[in-house]
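Asks: Task: produce atomic coordinates for the following.
(4 chains)
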Protein chains: 2
Amino acid sequence: MSPRPKVGLDIKEILEAAAELADQFGMQEVTLANLAKKLGIRPPSLYNHFDGLGGLRKKMAIYGIERLYEVIAKAAIGVAGDEAVLTISKAYVNFAREHPGIYESTLMAPDLEDEEVQLAGSKIVELTVRILQAYSLEGDTAIHAVRGLRSILHGFSSLERSGGFKMALDLNESLEIIIKAFIQGIQES
Amino acid sequence: MSPRPKVGLDIKEILEAAAELADQFGMQEVTLANLAKKLGIRPPSLYNHFDGLGGLRKKMAIYGIERLYEVIAKAAIGVAGDEAVLTISKAYVNFAREHPGIYESTLMAPDLEDEEVQLAGSKIVELTVRILQAYSLEGDTAIHAVRGLRSILHGFSSLERSGGFKMALDLNESLEIIIKAFIQGIQES
DNA sequence: TTATTTTAACTAATGATATTAGTTTTATCA
DNA sequence: TGATAAAACTAATATCATTAGTTAAAATAA
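Replies: All right, here's what the predicted structure looks like:
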């Protein structure tokens, strides 16, 4: 019930190769043709591992979200309160900087509302909720706060990558000030 | 020095048709084939108006940013302070909701660092700077604040569109609370 | 060991796409 | 009226993703 073919690729190797392509050349260069060439096989052979280009993008999105989660979760160990929020924020933004293609892939699934994709993302949301519990926010404020934090982190990463911030002013400093302002303000609302 | 051909399309009509396609079906359906069909011409004829698919995407990005600017600028008339920030924020998010394809196009230029694209975007940045002048922020804080506000608005719009917020909690309320918290916090930093 | 089954590769072919080259039509202007 | 320039066209090419059908290799079952 578990045979092995000649080349013997598994989905993990394929996703790692696809992630390398994405980080080096951007998601628009992650084609079945390029991926197959990198793996030393023919494009149709990839259909044994996932359901076409859409299927690849979905798997890449889940893989990318999981890698992002691991980085954030590791950063969250042993910290709490403001320090925790700041630490995971930096980890998030750094991940997007170091792996622009993987980060891009987390937004390129054919259907981002897909159950598996949402499930992967919900782990990051839950982690954020736990960290914000330190502030004992009232009622729905915690949910609004999570939405705000996610908006800041995704918006910041996205704008930074696309060259949206062109003023000569340190970006890490901006991030720190933005995050601190937000958590300060949310406590007073 | 200004002849006229038989059909006589101008770039504005073409961009409006492309924007309609984008809003209805998403940017991935804005192909030269689909656009030509909608306009009643053959795909190669489009090359008389812009430089291929990349050229179209660049023109669409500029067109989209300009339309977004107009909406924000109109919303900013006759308001100041917190009310102004809240009003333009709602206008921004509403634009992304009403014109998802146009909004998407503002991020799909082949080179977002392109001079013309940046120029279009800088008008929105300058408008935001003027509105934030009401707070008399010290030193570089104004620049950090603009970066924060842009991150929130882009991140919020982007996550909302991709189904990132799945809790059953009013999104407009979230936006209002997030923006208020941020401008409150930035004044104390 | 031998036979069967399953997996993962392959070739060949198709349809859609962007793109280039070269041509034709049409409207303006001298 | 004739020249020019803009904007349409046809024809052809290369690159994709994708499907259908085939083959080879490895693991399991007899």
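Asks: Tell me how many other residues surround A:Phe50.
Replies: Here the number of neighbours of A:Phe50 (other CB atoms under 10 Å in any protein chain shown) works out to 19. For every residue, glycine as well, the C-beta is placed using N, CA and C.
Asks: where's it relative to A:Ala18, distance?
Replies: With the distance defined as CB to CB, to the nearest Å, A:Phe50 ends up 10 Å from A:Ala18.
Asks: Hmm, A:Tyr103 and A:Asp23 touching each other?
Replies: No: when contacts are counted by CB atoms under 8 Å, A:Asp23 is not listed as touching A:Tyr103 (9.0 Å).
Asks: Those two: who's more crowded?
Replies: A side-by-side neighbour count of A:Asp23 and A:Tyr103, using other CB under 10 Å, places A:Tyr103 first with 25 against 17.
Asks: Hmm, A:Leu68 and the more buried one touching each other?
Replies: Yes: using CB under 8 Å, A:Tyr103 makes contact with A:Leu68 at a distance of 7.3 Å.
Asks: For chain A, which segments are assigned as helices?
Replies: For chain A, the helices defined by DSSP state H cover A:11-25, A:32-39, A:52-75, A:81-98, A:100-105, A:115-132, A:141-161, A:171-187.
Asks: Show the contacting residues for A:His144.
Replies: By CB atoms under 8 Å, 6 or more residues apart in numbering or on different chains, the contact set of A:His144 is A:Ile186, B:Leu169, B:Glu173, B:Ser174, B:Ile177, B:Ile178.
Asks: Next one, pLDDT for the residue nearest to the last one when sequence neighbours are not counted please.
Replies: Counting by CB to CB, 6 or more residues apart in numbering or on different chains, B:Ile178 lies nearest to A:Gly148, which is 3.8 Å off, once chain neighbours are set aside. Among the per-residue scores, A:Gly148 holds a pLDDT of 98.
Asks: With A:Ala22 instead?
Replies: On pLDDT, A:Ala22 comes in at 98.
Asks: how far away is the closest residue to it other than its chain neighbours from B:Tyr135?
Replies: Distances taken as CB to CB, 6+ apart place A:Gly101 nearest to A:Ala22, at 2.7 Å, with adjacent residues excluded. Here A:Gly101 is placed at a distance of 38 Å from B:Tyr135 (CB to CB).
Asks: Compare the two (neighbour count), which wins?
Replies: A:Gly101 (21 against 16).
Asks: Show me the shaky parts of chain A.
Replies: A:1-7 (pLDDT under 70).
Asks: if you set the cut-off to 80 instead, what comes out?
Replies: Residue ranges of chain A with pLDDT under 80: A:1-8.
Asks: Please work out which residue of it is closest to chain B.
Replies: When scored by CB to the nearest CB, chain A has A:Gly155 as its residue closest to chain B, at 2.6 Å.
Asks: Run through the residues that contact that residue.
Replies: Neighbour list for A:Gly155: B:Arg150, B:Ser151, B:Ile152, B:Leu153, B:His154, B:Gly155, B:Phe156, B:Ser158 [criterion: CB under 8 Å, 6+ apart].
Asks: which one of the residues you listed is nearest B:Met27?
Replies: B:Ser158 (13.4 Å; CB to CB).
Asks: measure the closest one to DNA strand C for me?
Replies: B:Ser158 sits 24 Å away from DNA strand C, taking CB to the nearest atom of the strand, to the nearest Å as the criterion.
Asks: now do A:Ser122
Replies: Distance from A:Ser122 to DNA strand C, by CB to the nearest atom of the strand: 29 Å.
Asks: Neighbours of the nearest residue to A:Glu176 once chain neighbours are set aside, how many?
Replies: Excluding the flanking residues, the one nearest A:Glu176 by CB to CB, 6+ apart is A:Leu86, at 6.5 Å. With neighbours defined by other CB under 10 Å, the count for A:Leu86 comes to 17.
Asks: Report the contact partners of A:Leu86.
Replies: A:Glu176, A:Ile179, A:Lys180.
Asks: hmm, which of the residues you listed are the buried ones?
Replies: Among the contacts of A:Leu86, the ones that count as buried by 16 or more other CB atoms under 10 Å in any protein chain shown are A:Glu176, A:Ile179, A:Lys180.
Asks: picking that back up, out of the helices of chain A, which comes closest to B:Asn94?
Replies: Closest of these to B:Asn94 is helix A:141-161, at 15.6 Å (criterion: CB to CB).
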